[in-house]
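Asker: Dropping the sequence and predicted coords here.
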Amino acid sequence: MKAQSLSQLLNLLPFILHSVNAIPARKVEESSNPGLRGSKTLVGYSPSESHGSSTTPDIKYSLLPGQKNDPDIGTYLDFTKVDNPQPIRGDTGGDDPGPRNYGYDKMNSDKLAPPGTDHGQTINAQWPMGLSHNRLGIDNAGWARQENTVVMPAATEMAGVDMRLEPAGYRELHWHVASEWSLVLNGSCRIQAVNENGETFVDDLVAGDVWFFPPGIPHSIQALDDGVEFLLVFDDGGFNEDNTFLATEVFLHSPKEVLAKNLGVAVADFDSIPNDELYIFKGTPAPKDIEKQNVTTSSGIVPRSQSYSYHFSEQQAHEVAGGSVKIVDPLTFPVASNFSAAIVTVHPGGMREIHWHPSSDEWTFFIKGQGRATLFTAPDAATTFDYMAGDVGYFPQSNSHYIENTGNEDLVFLEVLKAPEFTDMALGQWIASTPHQIISDTLKLSDSTLSKLKTEKQYVVAGSASDE
Ligand SMILES: *[C@@H]1O[C@H](CO)[C@@H](O)[C@H](O)[C@H]1NC(C)=O
Ligand SMILES: *[C@@H]1O[C@H](CO)[C@@H](O)[C@H](O)[C@H]1NC(C)=O
Ligand SMILES: *[C@@H]1O[C@H](CO)[C@@H](O)[C@H](O)[C@H]1NC(C)=O
């Protein structure tokens, strides 16, 4: 059966089913309802039967102007502006009679109609949190969804969790084997911990602030009056948020006699501990005065140089031509010894310049707006991905990429590296700072082109917003 007649059949299916439903049940039994299998005479070529149809499908569509360009120009195609987007660029591709999912095709124009410069197969460098299974907390206290190697197998160095806690909601007291770096995305929360020296820590954070908890350090997070949403990044791509050491579980799985002896209390004192984990749950609101929760031991508080929080929201962004950048890494936030991050803002039409990170893979989270990136992997594979707010991106160490704003509002994203310092190599600076003779011998660029190249790193270049 040709695709044409299959799709006609699929179109007819609702009517067929409807007519079947309309026939009384007994009639169906007596009717000539075909069996589950066809006849053996359908096998192979049969001169007496004609197959296929001589009419070509009538697929109505219009192309965006950018689809008529040379595919290697790779113009961004906004397929949300057309009814029936088609996998066509210049003289490559062809129309699509279906089956297809228009929602995905419109959101991922660089997948449906890739630039001519894409080639071969790279890793999958995109995971929309919207495709992650959500874990809903009890008492409407919040939720959490995660990205790890189960859904993004090549993202081996880091994993992430997007978590919401409603006002007074807790992420239960816990610890884990991995290191946890976090960015507050919305609202505010109180975080609290005690370290192996008995030094204590408590702080209140707002959207834009960062925290870090080393492996094994038990901590809790409670939303303040406006609730909180935050992003957690772990230094292990296989991290599973459902597999942490919880306060309830360590109590549930220690003999009560042992707990009583350990804490110097009676066995009966444990009669009302919860009989299951709480994970995300509603608590009593945290006192407004943080000093009421400032518990100290004889060791005092965690020294400021090793503090678990960094008030990144108060750091001014460094302005560049196409947007702004701000970096937090162990040079200013020492406790987060192997986490370096940048928040990048790209104005419409602008682009985070082509770069790579010599010391680490990059785990990216799209906070606002939309953009696209091409991941280039040696020797010759390249894939272009379209990202929206809520998506995770992943670019392996030394694999080049850019991030271009494809929307008409600011694009904001987070780059996280597993490295003691935030560093990158910029393609523009590399080419501009290499002797012109070497570049013109290699890339055949003219002297006038070479004279325009900028020897300084740009971070985010400006551009005009595309009107497609
Ligand atoms: C938090 O989200 C709400 C709802 O989207 C928004 O109105 C508010 O401005 C956000 N707050 C911050 C600090 O981003
Ligand atoms: C907690 O108390 C200590 C002194 O015991 C003080 O140095 C510190 O500033 C207080 N507040 C917080 C939030 O740590
Ligand atoms: C930091 O991360 C890198 C991987 O990017 C790893 O090779 C290195 O061992 C880590 N260093 C520390 C101190 O954890």
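Answerer: Yes, it's here. Ligands and ions are numbered 1, 2, ... in the order given.

Asker: what about the closest residue to ligand 2 within the chain, neighbour count?
Answerer: Residue of the chain nearest ligand 2, by CB to the nearest ligand atom: Asn294 (3.7 Å). The way it works is simple: take the backbone N, C-alpha and C, and place the C-beta from them, glycine included. Using other CB atoms under 10 Å, Asn294 is surrounded by 12 other residues.

Asker: Make 346 the first number, not 1, from now on.
Answerer: With the count now opening at 346, the last piece we talked about shows up as Asn639.

Asker: so what's it up against?
Answerer: Thr545, Val547, Ile646 (CB atoms under 8 Å, 6 or more residues apart in numbering).

Asker: Would you agree Gly465 is in contact with Ala727?
Answerer: Yes - with contact defined as CB atoms under 8 Å, Gly465 reaches Ala727; the gap is 7.3 Å.

Asker: Please say which of these two ends up with more neighbours.
Answerer: In terms of neighbours (other CB under 10 Å), Ala727 is the more surrounded of Gly465 and Ala727; the figures are 19 against 10.

Asker: How about the residues of the stretch 696-813 of the chain by ligand 3?
Answerer: Neighbours of ligand 3 within the stretch 696-813 of the chain, by CB under 6 Å from any ligand atom: Ser705, Lys763.

Asker: what does the stretch 546-695 of the chain give?
Answerer: Checking the stretch 546-695 of the chain against ligand 3 by CB under 6 Å from any ligand atom, the hits are Ser682, Asn683.

Asker: Domains in this structure, by residue range?
Answerer: As given by automatic domain parsing, the domain ranges for the chain are 411-457, 475-655, 662-769+805-812.

Asker: Give me whichever of those domains is most buried.
Answerer: With neighbours defined as mean count of other CB atoms under 10 Å, those peak in mean count at domain 662-769+805-812, which reaches a mean of 20.

Asker: Spatially nearest residue to His478, not counting backbone neighbours?
Answerer: Arg490 (6.6 Å; CB to CB, 6 or more residues apart in numbering).

Asker: pretty sure the one you found is in contact with Arg480, am I right?
Answerer: Yes - counting by CB under 8 Å, Arg480 is a contact partner of Arg490 at 6.8 Å.

Asker: Which residues are in contact with Asn588?
Answerer: Asn588 neighbours (CB under 8 Å, 6+ apart): His521.

Asker: any idea how far it is from Ala523?
Answerer: 10 Å (CB to CB, to the nearest Å).

Asker: cool, and Val529?
Answerer: For Val529 relative to Ala523 (CB to CB), the value is 19 Å.

Asker: now swap in Glu760 and tell me
Answerer: 19 Å.

Asker: and what of Val388?
Answerer: Distance from Val388 to Ala523, by CB to CB: 57 Å.

Asker: Over to His663?
Answerer: Taking CB to CB, one finds His663 at 30 Å from Ala523.

Asker: Contact partners for the residue nearest to Thr641 when sequence neighbours are not counted?
Answerer: Closest residue in space to Thr641, ignoring its immediate chain neighbours: Thr545 at 5.5 Å, by CB to CB, 6+ apart. For Thr545, the contact set (CB under 8 Å, 6+ apart) comprises Gln537, Ala538, Val539, Asn639, Val640, Thr641, Thr642, Ser644, Gly645, Ile646, Val647.

Asker: Adding secondary structure and pLDDT, write those residues out as JSON lines.
Answerer: Formatted as JSON lines, the contacts of Thr545 follow (DSSP: H, G, I helix; E, B strand; the rest coil; pLDDT from 0 to 100):
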{"residue": "Gln537", "secondary structure": "strand", "pLDDT": "97"}
{"residue": "Ala538", "secondary structure": "strand", "pLDDT": "97"}
{"residue": "Val539", "secondary structure": "strand", "pLDDT": "97"}
{"residue": "Asn639", "secondary structure": "coil", "pLDDT": "96"}
{"residue": "Val640", "secondary structure": "coil", "pLDDT": "95"}
{"residue": "Thr641", "secondary structure": "coil", "pLDDT": "94"}
{"residue": "Thr642", "secondary structure": "coil", "pLDDT": "95"}
{"residue": "Ser644", "secondary structure": "coil", "pLDDT": "96"}
{"residue": "Gly645", "secondary structure": "coil", "pLDDT": "96"}
{"residue": "Ile646", "secondary structure": "strand", "pLDDT": "97"}
{"residue": "Val647", "secondary structure": "coil", "pLDDT": "97"}
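
Asker: Quick one: neighbours of Ala458, just the number.
Answerer: Neighbour tally, Ala458, other CB under 10 Å: 27.

Asker: Please read the previous query as pertaining to Ser793.
Answerer: Each residue near Ser793 was counted by other CB under 10 Å, and the total is 7.

Asker: ok, back up a step: next one: the residue nearest to Thr641 from Ile646, what distance?
Answerer: Thr545 is 6 Å from Ile646, by CB to CB.

Asker: And for Leu577?
Answerer: Counting by CB to CB, the gap from Leu577 to Ile646 is 24 Å.

Asker: next structured bit after the helix or strand containing Gly505?
Answerer: Using DSSP states H and E, Gly505 maps to strand 504-510. Remark: after strand 504-510, the chain's next helix or strand is strand 514-520, criterion DSSP H and E.

Asker: contact partners of that next one?
Answerer: So strand 514-520 is contacted by 482, 486-487, 489, 508, 510, 558, 560-568, 572-573, 589-593, 622-628 (CB under 8 Å, 6+ apart).

Asker: can you map out the helices along the protein?
Answerer: 348-367, 370-375, 447-452, 454-457, 592-597, 601-608, 772-777, 781-788, 792-797 (DSSP state H).

Asker: tell me which strands and helices the shortest one is in contact with?
Answerer: Same thing as helix 454-457. Packing contacts for helix 454-457, counted by 3 or more CB pairs under 8 Å, 6 or more residues apart in numbering; DSSP states H and E, involve helix 447-452, strand 726-733.

Asker: from the chain's centre, how far out does that helix sit?
Answerer: How far helix 454-457 lies from its chain's middle: 18 Å, per CA atoms, centre = their mean, to the nearest Å.

Asker: Could you list the residues in contact with it?
Answerer: Contacts of helix 454-457 (CB under 8 Å, 6+ apart): 421-424, 430-432, 449-450, 463, 717, 729-731.

Asker: If we use 7 Å, what do you get?
Answerer: Here helix 454-457 makes contact (CB atoms under 7 Å, 6 or more residues apart in numbering) with Leu422, Asp423, Phe424, Pro430, Pro432, Asp450, Arg717, Thr729, Phe730, Asp731.

Asker: now Pro630: how far from Tyr515?
Answerer: On the measure of CB to CB, Pro630 and Tyr515 end up 11 Å apart.

Asker: Run through the residues that contact the closest residue to ligand 3 within the stretch 396-545 of the chain.
Answerer: Of all residues in the stretch 396-545 of the chain, Glu502 sits closest to ligand 3, at 5.5 Å by CB to the nearest ligand atom. Taking CB under 7 Å, 6+ apart, we find Glu502 in contact with Gly582, Asp706, Lys763.

Asker: right, and the second one touches Asn744 too?
Answerer: Spelled out, that is Asp706. No - contact criterion CB atoms under 7 Å: Asp706 and Asn744 do not qualify, at 8.5 Å.
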